[in-house]
Every structure is written in C-alpha cells, then in structure tokens.
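Engineer: Here you go, sequence then predicted model.
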Amino acid sequence: MGEALELIRYDVANSCFEIGKEALAILQDIRTPLSVVAVCGRARQGKSFILNQLLQRTGGFQIGSTTRPCTKGLWMWSTPQKRLDADGREFHIVRTQETLGCWHVT
C-alpha cells in the first residue's frame, strides 16, 4: 500500500537540511531508471490532494481543513510504482511534493 515519507526537512534549530533515512533507503534500493512526478506550490493549494488522486487513494498525503499547512518539507510516496516504457523496459515512478517554503520568498 505505502505511506507518505519525509525525504527532506529543514531543521530550523541547526539551520540545515536533513534527509529522511527511510525515504533515502527506498530510493537507493531502486535499480531501474526513475521518473519523478513532483507537485510544487504555495501552502494550502491542493498538492496533497492531487498526489492522492494520482495514487488513486483517498488518504496517504495528509489533507487538512484549516489554513495551516499539514505537510512541510519534501515528501515522497514510500512505494514507487513499476511501469513499462514504450520499448517494454521497466522503470519506477516516485511521486513527491515540495513544501519547503520557497514559494514564500520574495
């Protein structure tokens, strides 16, 4: 089934980015070509909703009913989807969303 995993987060206390070990291990385990579907945008604009629709799920990436963001950082789905290209070669799709706050910089 899978779950949303934090791939990159910003540690405010140490002023540095940190990589999620579980998400990194999943990416390092992929031995085929990789395609990334990334959804970026301002807070509360439907990024999680779109990714859940692409995954054909009603849950997964957290969705809230308030104006406060539910997810911060760079998130990915824990189960890459296997696909075949036009020549029959296998590849994986990883779905990600960015909420690191770059949309708030002026």
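Structural biologist: Perfect, thanks for sending it. Numbering: from 1, shown residues only.
Engineer: from here on, contacts and neighbour counts on C-alpha atoms
Structural biologist: Will do.
Engineer: For this structure, just list every one of the strands.
Structural biologist: Ranges of strands in the chain, per DSSP state E, are 4-11, 16-19, 34-40, 73-77, 81-84, 90-99.
Engineer: just how off-centre is the third one within its chain?
Structural biologist: The chain centroid and the centroid of strand 34-40 are separated by 8 Å under Cα atoms, centre = their mean, to the nearest Å.
Engineer: Now do that strand against strand 73-77, angle only.
Structural biologist: 130 degrees (axes from the mean of the first three to the mean of the last three Cα atoms, to 10 degrees).
Engineer: do the same with the first one
Structural biologist: Angle between the axes of strand 4-11 and strand 73-77 is 160 degrees (criterion: the same axes, to 10 degrees).
Engineer: Of all the strands of the chain, which one is nearest Leu54?
Structural biologist: For Leu54, the closest of the strands of the chain is strand 90-99, at 8.7 Å, according to Cα to Cα.
Engineer: List the neighbouring strands of the closest one plus their orientation.
Structural biologist: In the sheet, strand 90-99 lines up against strand 34-40 (parallel), strand 73-77 (antiparallel), strand 81-84 (antiparallel) (DSSP bridges).
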